Structure formats: structure tokens, C-alpha cells
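[1] give me the fold of what follows.
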Amino acid sequence: MDPKEAGGGEKDKERPIKRRNRPVFLRYLERRKTDTIVANDIANGDINLGTLVRRSQSDKTEYSAKLKEKLMPHDLSALPSPVLDVEEIRSRKMSRRAKVIKELVQTEKDYLTDLELCIREVVQPLRVLQVVDVDRLFTNMETVCEVSAALLHRMHTALSDPDPEAVVMVGDVFIQAKAALEDVYKIYCYHHDDANMSLKAYEKEEQIKQHFTTCILALK
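    Residues are numbered from 1 along each chain as shown. This next block holds a predicted model:
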């Protein structure tokens, strides 16, 4: 046997075993906990390597457990949910429904007011003057006004019942007015482009334009 090989074997035995590389953060954490334990044991006059290792391992385990607890997502389903009374839920729904219906009625009322104002201050004066083709320019606006007035009247009638449950009748009002609304607005929309072209043509004539200006001032 080659002496070098024999000598090499003895050197291998004497060569210290390298410790596995550990993250810097863990080495710092272990060193910090160990230093604290050693300081406490020195103050108590009690230093024992076996106790030191066990306490250091126990501290690491406790730290890992607390870290996992902080990182775990909270289960929101476990939180107690407020229990609403059935009557309270019903009352809230009825309140929201009443507000929606009130807005519907007010919108229809404002729309009818604008239609009546336009007919009174624009359509009728121009018809008396006979300076423009009113029927072509405003198509069936007066019929639209009549249908809107009938719809608003039906809505007020449905809401006149003191029983809060009667507000559901508003849906029936729109269903009943469906056919009339479709018929009148089909005509209005069909002639809208033609009426717009007529208006542009009339605005080029100074005399007619002056009549339009007078009507607009009356509206203001």
C-alpha cells in the first residue's frame, strides 16, 4: 500500500467536517437567542450545554409557531354576522321601493310640465301665425302630452291607496300604458329626422328665425 494513500486517509479523518451553509438570518437568530440564554444562565450561575441546546430549539419552535399564526389568513366566516329582523328587512325594502317610485312620478311630472310649456308657448303661437308647418315640425307632440298626462294620473291613483303594499300597482300602470306609449312614440321617433331637417331649413329664413327667438324668450 502506498504510504501517501495511507497518510491521506489519516488526514481525511483529522480534517474537520464543514457545517452545512445556513441562511444568514437563521444563524443571526440562533446566535441572538443563544446569547440571551447564556447571559441568563451566567447570572444564575448555571451553564449546561444540553440545557442550552434544548432551550434554543424550544425558542425556535415557539417563534415558528407564532410566525405561522400571524401569516395564516383570518377566517371571516367565523365572525358573528349581525342578525336582521325579518320585519326590519321588509321595511328597508319597502322604503327603497317607495323612493324609486317617488322619483318615477317626479320625473314624469317634470316631463309633462315641459311638454305643456312647449305647446303653450311655442306650438300654439306658431300655429296661429301660420309661418311654419307646425305638424311637420312638432309631429304629434300634443298627443305625446296627452299620453304622458294619462300615465301620470294613473300613477297618482295607484299611489293614493294608504296601504304601503299598494305601491306594487305602479308596475301594472306601466303595463297598461305600454300599448299607448309604443304607438305614440313610434310616430314621434319616425318623424324626428324630418322635423330636424325642417328646423334647420327654417332657421335660414330671418323672419321665421325671429319668431323662434320670440318663442324661446317666452319659454325663459
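[2] go through the helix or strand hosting residue 101 and flag the buried ones.
    Under the criterion of DSSP states H and E, residue 101 resides in helix 86-118. Neighbour-count burial for helix 86-118, counted by 16 or more other C-beta atoms under 10 Å, picks out 101, 105, 108, 112, 115, 118. The C-beta positions use only the backbone N, C-alpha and C, and glycine is treated the same way.
[3] let me know the closest of these to residue 151.
    Using C-beta to C-beta, residue 108 comes nearest to residue 151 of the buried residues of helix 86-118, at 6.2 Å.
[4] contact partners for the closest one?
    Under the criterion of C-beta atoms under 8 Å, 6 or more residues apart in numbering, the neighbours of residue 108 are 148, 151-152, 155.
[5] show me where this structure dips below the pLDDT cut-off.
    Low-confidence segments of the chain, defined by pLDDT under 70, span residues 1-60, 63, 67-68, 70-84, 162-168.
[6] the strands in it, which residues?
    Under the criterion DSSP state E, the chain carries no strands.
[7] how about the helices of it, start to end?
    Defined through DSSP state H, the helices belonging to the chain, from first to last, are 3-14, 24-44, 49-71, 86-118, 124-129, 134-138, 141-159, 169-190, 192-202, 206-219.
[8] so what does the shortest one touch, helix or strand wise?
    When you say that, I think you mean helix 134-138. helix 124-129, helix 192-202 (3 or more C-beta pairs under 8 Å, 6 or more residues apart in numbering; DSSP states H and E).
[9] which one of these is the most hemmed in?
    Using mean count of other C-beta atoms under 10 Å, the stretch among the helices and strands packed on helix 134-138 with the largest mean neighbour count is helix 124-129, at a mean of 15.
[10] quick one: which of the helices and strands packed on helix 134-138 is nearest residue 175?
    Across the helices and strands packed on helix 134-138 (criterion: C-beta to C-beta), the nearest stretch is helix 192-202, sitting at 26.0 Å.
[11] hang on, the earlier thing: now distance to residue 91 too, for the contacts of residue 108, in a markdown table please.
    Output for the contacts of residue 108, formatted as a markdown table (distance: C-beta to C-beta, whole Å):
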| residue | distance to residue 91 |
| --- | --- |
| 148 | 33 |
| 151 | 29 |
| 152 | 28 |
| 155 | 23 |
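[12] picking up where we left off before, among the helices and strands packed on helix 134-138, which is nearest residue 138?
    When those are compared for distance to residue 138 using C-beta to C-beta, the nearest one is helix 192-202, at 6.9 Å.
[13] just the CA coordinates of the closest one, formatted as CSV?
    Presented in CSV, the C-alpha positions along helix 192-202 are these (Å, rounded to 0.1, in the frame of the first residue of the first chain):
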residue,chain,number,x,y,z
HIS,A,192,-87.9,63.1,-35.8
ASP,A,193,-85.2,63.3,-38.5
ASP,A,194,-87.6,65.0,-40.9
ALA,A,195,-88.6,67.6,-38.2
ASN,A,196,-84.9,68.3,-37.5
MET,A,197,-84.3,69.0,-41.2
SER,A,198,-87.3,71.3,-41.4
LEU,A,199,-86.0,73.2,-38.4
LYS,A,200,-82.6,73.7,-40.0
ALA,A,201,-84.2,75.0,-43.1
TYR,A,202,-86.5,77.4,-41.2
